[in-house]
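Enquirer: Pasting the sequence and the predicted coordinates here, then a few questions.
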Amino acid sequence: MGSLDRENVGIGLDLSVGVEGVLPSLARPANASRIFHGIVFDAGSTGTRIHVYTFIQKDPAELPLLEKETFQSVKPGLSAYADTPETAGETVRQLLRVAKKAVPHVEWERTPVVLRATAGLRLLPPKKAQALLDEVEVAFEESPFFVPDNSVHIMNGTDEGILAWVTVNFLTGQLQAKTKKTVGTLDLGGASTQITFLPKFKRKVFESSCLSRKFREDWSFGGLTYKISGIPDGSTGFTECYKEMLKVVKGVIHQPPELQDSNTFYAFSYYFDIAVEAGLIDERRGGMVKVQDYSIRAKEVCNKLSMYLATKPFLCMDITYITCLLKDGFGFKDETILKLTQKVNNVETSWALGAIFDYFQNIKIH
Ligand SMILES: O=c1ccn([C@@H]2O[C@H](COP(=O)(O)OP(=O)(O)O)[C@@H](O)[C@H]2O)c(=O)[nH]1
Ligand SMILES: [Ca+2]
């Protein structure tokens, strides 16, 4: 991998540097805009998503513009195939068809494809997770796209957070050299919440005052089946449920002092989904909520658990967890406003866009 003369080459040409000798020469007039693409798979615990990005580099000294995102998702996530890893390869092949349509044929061999897995694979026994990743790699190698080193791997939670931050701040224009202010981001995954408290399950039985006394369900993950239920003779309701969540949240999470004077926070993933389920926002339009809106709704739901038993048995637990995480975990004030959105400027607010920037930067593209 060589260093680059940024006076003469744009980001599109820089891409070829990582695969010297493999890619055709991309020499173009110095002033021409360059178009390039990047493919990111988000292998989440509840689904696999493909993001195909098209960028235009007008000025090599500036960040590229994101012209377009093509997005598609499938359920369930790869971890559901822990015992049939070939199926993971099929899922990826199916989604790669989307990329073949979105990226012009001539660009295929210089368009990088990467997959980052999150909590679903983190929670699997390492051998099972590796078998899934190996199948993905085979599917990538068969594809016409450029497969960089370390193209397929499990990402840690810190990277997930940082890359989501990059995505939203890029999309909201805060990464321009002249802007000083940035926005905060909150992403809540489907399985990462359980990471903290799954090991505490005794006999693998999980009883909670956040669930209706009558609730009973088996929940399977990574080859183990957990028995989840309400406490048959215990107390239920918001106060009890909150105390339970506090044990998971309190003292575990660093409370950044910046939150006190912080500006705007964008929240997505489960913050968004649960707000929709709780009727706080419209699924299509998203919206703004105050931290206290979650807690008011949590009280209403948890104090009438039987009403939600048939349709939304986990809503009390989920919304109380979010309330507790925001207030006692991160230390947000009741009045803090969160912008709940799945998209900014029509682009998914996922860590995936940040991940492709990270990739370009690692091959010395700025
Ligand atoms: O592009 C995405 C990625 C995730 N989600 C939602 O975010 C939540 C988190 O799920 P994910 O599968 O990403 O879990 P993780 O692996 O991050 O824990 C789920 O409700 C997803 O439906 C979404 O709406 N769009
Ligand atoms: Ca996620």
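Expert: Looks like it arrived, so ask away. Ligands and ions are numbered 1, 2, ... in the order given.
Enquirer: Show the residue spans covered by the helices in the stretch 251-366 of the chain.
Expert: For the stretch 251-366 of the chain, helices defined by DSSP state H, counting those that start in this stretch occupy the ranges 270-277, 291-302, 305-308, 315-324, 351-362.
Enquirer: contact partners of the fourth one?
Expert: Right, helix 315-324. If you take CB atoms under 8 Å, 6 or more residues apart in numbering as the criterion, helix 315-324 is touched by 188, 193, 208, 210-211, 238, 241-242, 245-246, 248-249, 270-271, 274, 277-278, 291, 294-295, 297-298, 301-302, 305, 308. In this view, the C-beta of every residue, glycine as well, is placed from N, C-alpha and C.
Enquirer: what domains does the record give for the chain?
Expert: Annotated domains of the chain cover 2-155+346-363, 185-201+237-344 [automatic domain parsing].
Enquirer: Spell out for me the PyMOL command that would select the buried members of the contacts of helix 315-324.
Expert: Remark: buried members of these, expressed as a PyMOL selection using 16 or more other CB atoms under 10 Å:
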select buried, resi 188+193+208+210+211+238+241+242+245+248+249+270+271+274+277+278+291+294+295+297+298+301+302+305+308
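Enquirer: Reformat the helices of the stretch 251-366 of the chain as CSV; add mean pLDDT.
Expert: Listed next are the helices of the stretch 251-366 of the chain as CSV, based on pLDDT from 0 to 100:
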stretch, mean pLDDT
helix 270-277, 95
helix 291-302, 98
helix 305-308, 95
helix 315-324, 95
helix 351-362, 86
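Enquirer: Out of those, which is the most enclosed?
Expert: With neighbours taken as mean count of other CB atoms under 10 Å, the helices of the stretch 251-366 of the chain reach their highest mean count in helix 315-324, at a mean of 25.
Enquirer: returning to that earlier point: out of the contacts of helix 315-324, which touch ligand 2?
Expert: Among the contacts of helix 315-324, none lies close to ligand 2 by the criterion of CB under 5 Å from the ion.
Enquirer: sorry, back to before: quick one, which of the domains of the chain is nearest to Thr167?
Expert: domain 2-155+346-363 (4.1 Å; CB to CB).
Enquirer: the strands in this protein, which residues?
Expert: Secondary structure of the chain (DSSP state E): strands at 34-43, 48-57, 65-74, 113-117, 152-154, 184-188, 205-208, 216-221, 224-230, 265-269, 287-290, 337-340, 343-344, 347-348.
Enquirer: May I see these organised as JSON lines, with mean pLDDT and distance to Glu135 added?
Expert: Converted to JSON lines, the strands of the chain look like this (pLDDT from 0 to 100; distance: least, CB to CB, whole Å):
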{"stretch": "strand 34-43", "mean pLDDT": "96", "distance to Glu135": "11"}
{"stretch": "strand 48-57", "mean pLDDT": "96", "distance to Glu135": "12"}
{"stretch": "strand 65-74", "mean pLDDT": "96", "distance to Glu135": "15"}
{"stretch": "strand 113-117", "mean pLDDT": "97", "distance to Glu135": "11"}
{"stretch": "strand 152-154", "mean pLDDT": "96", "distance to Glu135": "9"}
{"stretch": "strand 184-188", "mean pLDDT": "79", "distance to Glu135": "26"}
{"stretch": "strand 205-208", "mean pLDDT": "86", "distance to Glu135": "31"}
{"stretch": "strand 216-221", "mean pLDDT": "82", "distance to Glu135": "19"}
{"stretch": "strand 224-230", "mean pLDDT": "85", "distance to Glu135": "22"}
{"stretch": "strand 265-269", "mean pLDDT": "90", "distance to Glu135": "26"}
{"stretch": "strand 287-290", "mean pLDDT": "96", "distance to Glu135": "40"}
{"stretch": "strand 337-340", "mean pLDDT": "94", "distance to Glu135": "35"}
{"stretch": "strand 343-344", "mean pLDDT": "92", "distance to Glu135": "30"}
{"stretch": "strand 347-348", "mean pLDDT": "94", "distance to Glu135": "25"}
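Enquirer: Turn the ones you listed into TSV, including distance to Asn169.
Expert: Below are the strands of the chain laid out as TSV (distance: least, CB to CB, whole Å):
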stretch	distance to Asn169
strand 34-43	17
strand 48-57	16
strand 65-74	13
strand 113-117	19
strand 152-154	24
strand 184-188	8
strand 205-208	37
strand 216-221	33
strand 224-230	38
strand 265-269	9
strand 287-290	18
strand 337-340	13
strand 343-344	10
strand 347-348	13
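Enquirer: closest to Ile356 out of the ones you listed?
Expert: Smallest distance to Ile356 across these (CB to CB): 3.9 Å, for strand 34-43.
Enquirer: Tyr226: which of the helices of the stretch 251-366 of the chain is closest?
Expert: Closest among the helices of the stretch 251-366 of the chain, once you apply CB to CB, is helix 315-324, at 14.1 Å.
Enquirer: Now do the closest one against strand 184-188, angle only.
Expert: Calculated by axes from the mean of the first three to the mean of the last three CA atoms, to 10 degrees, helix 315-324 forms an angle of 150 degrees with strand 184-188.
Enquirer: CA-only coordinates of helix 315-324, as CSV, when you get a sec.
Expert: In CSV, the C-alpha atoms belonging to helix 315-324 read as follows (Å, rounded to 0.1, in the frame of the first residue of the first chain):
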residue,chain,number,x,y,z
LEU,A,315,-43.1,-3.6,26.2
CYS,A,316,-43.0,-2.8,29.9
MET,A,317,-39.5,-4.3,30.2
ASP,A,318,-38.2,-2.7,27.1
ILE,A,319,-39.4,0.8,27.7
THR,A,320,-38.5,0.7,31.4
TYR,A,321,-35.0,-0.5,30.4
ILE,A,322,-34.7,2.4,28.0
THR,A,323,-35.9,4.9,30.6
CYS,A,324,-33.4,3.5,33.2
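Enquirer: Many thanks, have a good one.
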